[in-house]
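[1] Below are the sequence and a predicted model; questions follow.
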Amino acid sequence: MLTYQSSAFISYIRTDVLRGTCDVQLKDGKFYTYYNVSRRALLNLEFNKSMSLGFWFNRNCVNSNATCSLVFDVNKMYEFQANPYVLSAA
């Protein structure tokens, strides 16, 4: 399920209740996948459309037992396109 709500920090959250994962697109261009997210929290987000995305994200992804991996960073892609022959150590 894809959740769009007004948020100053998050563009959208895509949930997968069966796997216990969610994909989070931040407004700064970073895309994360979170694993081991509470299935109850995922269902709560899907059915409660008035919930704050930032509050839900901080409580159930950042300050929990969920693990994450950075999948994509738009800012790094722009750096690569500007000069594809230079590799950065960052």
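    The structure has been received and is ready for your questions. Numbers count the residues shown, from 1 in each chain.
[2] Where does pLDDT dip in this protein?
    1-4, 74-90 (pLDDT under 70).
[3] now the strands: where do they sit in it?
    Counting by DSSP state E, the chain has strands at residues 2-3, 10-16, 21-26, 30-35, 67-73.
[4] got those as CSV, with mean neighbour count columns?
    To be clear about C-beta, it is placed using only N, CA and C from the backbone, and glycine gets the same treatment. Below are the strands of the chain laid out as CSV (neighbours: other CB atoms under 10 Å):
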stretch, mean neighbour count
strand 2-3, 14
strand 10-16, 18
strand 21-26, 19
strand 30-35, 17
strand 67-73, 12
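[5] Dump these into JSON lines; add distance to Glu46 as well.
    Shown next, in JSON lines, are the strands of the chain (distance: least, CB to CB, whole Å):
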{"stretch": "strand 2-3", "distance to Glu46": "7"}
{"stretch": "strand 10-16", "distance to Glu46": "6"}
{"stretch": "strand 21-26", "distance to Glu46": "10"}
{"stretch": "strand 30-35", "distance to Glu46": "15"}
{"stretch": "strand 67-73", "distance to Glu46": "20"}
